[in-house]
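Asks: Mind folding the following:
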Amino acid sequence: MQFDINGAGAYAYTGGKAFDAALPSIVLIHGAQNDHSVWALQSRYLAHHGYAVLAVDLPGHGRSSGPALDKVEAMADWILALLDAAGVERALLAGHSMGSLIALEASRRAPGRVAGLALLGSTYPMKVSDTLLESARTDEAAAIDMVNIWSHSSIAHKPSCPGPGFSVMGGARRLMQRMSARNPAQLFYTDFAACNAYAQGEAAAGAVRCPTLFVFGKKDVMTPPRSTSLLTGAIKHGRIVKVDAGHQMMAESPDAVLDALAGFAATIPYQDSQETP
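Replies: Numbering: from 1, shown residues only. All right, here's what the predicted structure looks like:
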């Protein structure tokens, strides 16, 4: 589905169903160097089970026009503008990695618009090493390879993969390469630098009153569960689910992630203006 936001084209996948803003709405926000396709299973299931789904391509990613935004705050404003364009008053915001910071910041800026938060592969501060930032700036291909290796729990693919010959790691790597080809203006560096610079996470987490779900990968070395105490401590009412996966949990443990999201989505008071834990 195409939208116009601030004079630029914006794309959101609706899960194979016509978007209906009268239904409970869920916005799925991808991470760095990704697009809406990382939510393939989750977006289709939710759309076919009573939800209005918007799995977004952030500016400069996938089918949304660039340039990529260089601050989490600007991306959060973009998400809120997307809600306006889609005619959605309140939505569950689900974000992975960089997307989780965007969802969190959107809730800080417009708490009345956010019915619930699902933060996947999240941590704060989301610092990126100087070495990786420099690789992303000067050798994006090498940075893609490094992050792709670190984002998966194993190079040996699990029997639960979708079918013979399917490569979870290969698919993730190819997606990142495609994002580079579509937007060669240092997209990976822009995304990583935005995560690294974001400084509002503690204040945003402390202000959260809406229902919140954390989904952590037990084997995540990019945003390891042990690094999440600031967020989980600030959002004490948040529910924590751990799945058997690395950072790319939607691909490595798609059913477990879907179960967590679908179960959480069913508990959200989408039409209730009162924000209660």
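
Asks: drop to CA atoms for contacts and neighbour counts, all remaining ones
Replies: Fine.

Asks: Okay, now the unreliable bits of the chain?
Replies: Scanning the chain for pLDDT under 70 picks out 155-166, 272-277.

Asks: Please enumerate the strands of it.
Replies: All strands of the chain, identified by DSSP state E, fall at 2-5, 8-13, 25-29, 52-57, 91-96, 114-120, 212-217, 239-243.

Asks: in the last one, what counts as buried?
Replies: Just to be clear, that refers to strand 239-243. The neighbour-count check on strand 239-243 (16 or more other C-alpha atoms under 10 Å) flags 241-243 as buried.

Asks: Parallel or antiparallel, list what pairs with it.
Replies: strand 212-217 (parallel) (DSSP bridges).

Asks: cool, and the shortest one?
Replies: For strand 2-5, the paired strands and their directions (DSSP bridges) read strand 8-13 (antiparallel).

Asks: Residues contacting the strand it pairs with, please?
Replies: Residues from elsewhere that reach strand 8-13, judged by C-alpha atoms under 8 Å, 6 or more residues apart in numbering: 1-4, 36, 53-59, 63-66.

Asks: which residue packs closest to residue 201, ignoring adjacent ones?
Replies: Using C-alpha to C-alpha, 6 or more residues apart in numbering and skipping the chain neighbours, the partner closest in space to residue 201 is residue 124 (6.3 Å).

Asks: Wait, that neighbour touches residue 203, no?
Replies: No. Residue 124 lies out of contact with residue 203 (C-alpha atoms under 8 Å); the separation is 10.9 Å.

Asks: quick one, which of these two is more surrounded?
Replies: Neighbours were counted for residue 124 and for residue 203 using other C-alpha atoms under 10 Å; residue 124 has more, 22 against 13.

Asks: quick one: contacts for the more buried one?
Replies: 201-202, 227-228, 230-231.

Asks: Put the buried members of the residues you listed into a ChimeraX selection.
Replies: The ChimeraX command for the buried members of these (criterion: 16+ other C-alpha under 10 Å) is given here:
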select :201,227,228,230,231
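
Asks: Tell me the one of the contacts of strand 8-13 nearest residue 249?
Replies: Distance ranking of the contacts of strand 8-13 against residue 249, using C-alpha to C-alpha, places residue 36 first at 14.5 Å.

Asks: what's the spacing between the closest residue to residue 122 other than its chain neighbours and residue 22?
Replies: Among residues not flanking residue 122 along the chain, residue 97 sits closest, at 5.0 Å (C-alpha to C-alpha, 6+ apart). To residue 22, residue 97 is 29 Å away according to C-alpha to C-alpha, to the nearest Å.

Asks: what do you get for residue 67?
Replies: Separation of residue 67 from residue 22 (C-alpha to C-alpha) stands at 31 Å.

Asks: Repeat that for residue 33.
Replies: Applying C-alpha to C-alpha, the value for residue 33 to residue 22 is 31 Å.

Asks: Between these two, which has more neighbouring residues?
Replies: The residue with more neighbours, out of residue 33 and residue 22, is residue 33; 27 against 11, by other C-alpha under 10 Å.

Asks: these two touch, right, the more buried one and residue 187?
Replies: Yes. If you go by C-alpha under 8 Å, residue 33 and residue 187 touch, sitting 6.7 Å apart.

Asks: Touching both of those two, which residues are there?
Replies: Contacts common to residue 33 and residue 187, judged by C-alpha under 8 Å, 6+ apart, are 179-180.
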